[in-house]
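Visitor: Quick one, fold the following:
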Amino acid sequence: MGVTDPAGPVMDRDEVDRALARLGAEHEAIETSLLALQDHAGRRLLEGAELAGLTRERWAAAEASITLLWAYFDAYSGALRTAREIRARRRWSSREDLVELTELLRGEAVTVAGSAAALVNAPAPHGGPGRLSERFSLAALVDRMNELYAASLDMVVAADAVWSALPARIDLLAAELQRTRQLAHSVGVRPGEHPAGDDLERITRTLTRLREEVISDPLAHWVPAQASSAPGGGRPDTTVYDREARALEEVRREIDAVLTVRQDAEQRLVRLRDLLSRADRTLSEARTARGEVLAKIAATEVPVVSGPPTALQEQLATAAEYRRQARWHRLSPLLEQLEQRAEDELLRARESLSAVTAPLAVRAELRGRLDAYRAKIARHGLAEDPVLIERYEKARRMLWSAPCDLRVAEQAVLLYQQAAAEALGAPHRPGPGGPDDRRGESPS
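Guide: Sure, this is the predicted structure:
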């Protein structure tokens, strides 16, 4: 190699010895790192894998970088060995030795052959032909090796992290998927017959494709860390895996629901029959009550009572048939729908009965109110008051006769209440012919 003027003054012996010690430590650290990269499990996997996509492109560049790293390291080792030999010539180095050492240790004295440098596929300057060789200072060569090492290690660590995390998790999920498929098949949940069966087929296809992609192109499933310069900074991209895991969990819940139906289908069918029977009885009671109300209550609009819905009975028969045929996946949603509709039907029947019997309830309330005031009057010694007796009898005849006009009867009860209130509020003064006249108004 040619000699150039060293950058800066000539180094003295102490400076040379310190520089050689530092370079020796760097050489040992670089060698250790390169050997660790050579033995890295991720690198061995990359060498033997059939790669595709982004990983194939980056591994081709990384392989070239690793080859170039060793070429650089050999050149670095040779320069360091030469410097040590020069220093070992004499205990006290001559000025010529120190000049040579200064050039070797500080100048661009390390030459790397152009064939090795070309491995990084770097374009030649200004589009010209590739250079036959490159010249570096030892410090620049270390910096260059650090750059290539960090980039290569980043790629290797990222691929290894994806391979370490995702395939095993996908295999576990696939095993769970297979168990779920068998269970689904046992309860009649099959593709084309039940949405959950279609979901299982889709999840199977997605996991199969995902595993193939992860094995052949792990870097496509790697998310680099933001603002991280450390090699391998980032995490495996589990977005697709997580989505399919959630989808499988949803299917498992549906299968569990179908299994629950298989276990308690008969009990639920019995309860449904009971609910619909109670609704029918309530509607029948409402129809009977409507006839009674029309006969006993005058001038009142009584709602019409509808009959039981035949569609529910037909669906109940269909549910029973599904159970006999063990078509649990069809029985499950039908039972849920029937249970809600049966509850609604019973509620509708009860509301119908309440609406029909409301006039009878009003009459009963008026009767109770009338008798309650009569008892109160009796406790105060006013039971023989002729006005109160007359108004009581008038209200009673209206309430206990058929048909009863509720509006007129309510008015009669109100008049009796008013008379009772006036009688209870007046002072009691007995006169020569009996009690003073405390009547509020003459009977009509």
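Visitor: only C-alpha atoms for contact and neighbour calcs from this point on.
Guide: Noted.
Visitor: Mark out where each domain of the chain begins and ends.
Guide: When the chain is parsed with automatic domain parsing, its domains come out as 13-160, 161-261, 269-357, 361-435.
Visitor: Reformat the ones you listed as a markdown table; add mean pLDDT.
Guide: Conversion of the domains of the chain to a markdown table gives the following (pLDDT from 0 to 100):
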| stretch | mean pLDDT |
| --- | --- |
| domain 13-160 | 82 |
| domain 161-261 | 88 |
| domain 269-357 | 83 |
| domain 361-435 | 80 |
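Visitor: now these as TSV including mean neighbour count?
Guide: Written out in TSV, the entries for the domains of the chain read as follows (neighbours: other Cα atoms under 10 Å):
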stretch	mean neighbour count
domain 13-160	17
domain 161-261	17
domain 269-357	17
domain 361-435	15
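Visitor: can you pull out the strands in this structure?
Guide: Under the criterion DSSP state E, the chain contains strands at 110-113, 133-136, 222-224, 234-236, 297-298, 404-405, 430-431, 434-435.
Visitor: out of those, which comes closest to Ala175?
Guide: Among those, strand 234-236 comes nearest to Ala175, with 21.2 Å by Cα to Cα.
Visitor: Export the strands of the chain to CSV and append columns for distance to Ala88.
Guide: Output for those, formatted as CSV (distance: least, Cα to Cα, whole Å):
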stretch, distance to Ala88
strand 110-113, 20
strand 133-136, 24
strand 222-224, 48
strand 234-236, 48
strand 297-298, 130
strand 404-405, 133
strand 430-431, 149
strand 434-435, 149
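Visitor: what's the closest of the ones you listed to Thr357?
Guide: Using Cα to Cα as the measure, strand 297-298 is the one of the strands of the chain that comes nearest Thr357, at 10.4 Å.
Visitor: Need the contact partners of that closest one.
Guide: Outside strand 297-298, the residues within contact range by Cα atoms under 8 Å, 6 or more residues apart in numbering are Pro359, Leu360, Ala402, Pro403, Cys404, Asp405, Leu406.
Visitor: In helices only, show me the residues you listed.
Guide: With helices defined by DSSP state H, the entries of the contacts of strand 297-298 inside them are Pro359, Leu360, Leu406.
Visitor: Show the pLDDT at the second one.
Guide: For Leu360, the pLDDT comes out at 83.
Visitor: Leaving out sequence neighbours, find the closest residue to it.
Guide: With sequence-adjacent residues excluded and distances taken as Cα to Cα, 6 or more residues apart in numbering, Leu360 is closest to Val293, at 6.8 Å.
Visitor: ok, that neighbour to Ala361 distance?
Guide: Between Val293 and Ala361 the distance, using Cα to Cα, to the nearest Å, works out to 10 Å.
Visitor: if we can go back for a sec, in the contacts of strand 297-298, find the pair that's most separated.
Guide: The largest separation in those, counting by Cα to Cα, is between Pro359 and Ala402 at 12.8 Å.
Visitor: Helices along the stretch 101-250 of the chain, start to end?
Guide: Secondary structure of the stretch 101-250 of the chain, counting by DSSP state H, counting those that start in this stretch: helices at 114-117, 138-186, 195-216, 239-296.
Visitor: Out of those, which gets nearest to Arg367?
Guide: The stretch from those with the least distance to Arg367 (Cα to Cα) is helix 239-296; that distance is 14.2 Å.
Visitor: Which other helices and strands does that closest one contact?
Guide: With contacts defined as 3 or more Cα pairs under 8 Å, 6 or more residues apart in numbering; DSSP states H and E, the packing partners of helix 239-296 are helix 138-186, helix 195-216, helix 310-324, helix 328-379.
Visitor: swap the cut-off to 6 Å and go again
Guide: In terms of contact count using 3 or more Cα pairs under 6 Å, 6 or more residues apart in numbering; DSSP states H and E, helix 239-296 is assigned the packing partners helix 328-379.
Visitor: Mind giving me the packing neighbours of the helix it packs on?
Guide: Packed against helix 328-379 by the contact rule (3+ Cα pairs under 6 Å, 6+ apart) you find helix 239-296.
Visitor: if we can go back for a sec, so which of the helices of the stretch 101-250 of the chain is nearest Glu50?
Guide: Where these are weighed against each other on Cα to Cα, the nearest is helix 195-216, at 6.0 Å.
Visitor: Give me the contact list for the closest one.
Guide: For helix 195-216, the external contacting residues (Cα atoms under 6 Å, 6 or more residues apart in numbering) are Leu51, Ala52, Val189, Arg190, Pro191, Val251.
Visitor: Closest one to Ala420 out of the residues you listed, please.
Guide: Among the contacts of helix 195-216, Val251 lies closest to Ala420 (Cα to Cα), at 72.8 Å.
Visitor: Now for the closest one: which residues touch it?
Guide: Val251 sits next to Ala196 when contact means Cα under 6 Å, 6+ apart.
Visitor: at 8 Å instead, please
Guide: Taking Cα under 8 Å, 6+ apart as the contact definition, Val251 lies against Ala196, Asp199, Leu200.
Visitor: got it, and Arg95?
Guide: Contact partners of Arg95, counting by Cα under 8 Å, 6+ apart, are absent.
Visitor: Tell me the spacing between it and Val110.
Guide: Counting by Cα to Cα, the separation of Arg95 from Val110 is 21 Å.
Visitor: same thing with Ser401?
Guide: Distance check for Ser401 against Val110: by Cα to Cα, it reads 127 Å.
Visitor: likewise Ala286?
Guide: Note on Ala286: its distance to Val110, by Cα to Cα, is 108 Å.
Visitor: Pro303 too?
Guide: From Pro303 over to Val110 (counting by Cα to Cα), the distance is 107 Å.
Visitor: Over to His40?
Guide: With the distance defined as Cα to Cα, His40 ends up 29 Å from Val110.
Visitor: Then Arg81?
Guide: Arg81 sits at a distance of 12 Å from Val110 (criterion: Cα to Cα).
Visitor: what do you get for Gln315?
Guide: Noted for Gln315: a distance of 90 Å to Val110, by Cα to Cα.
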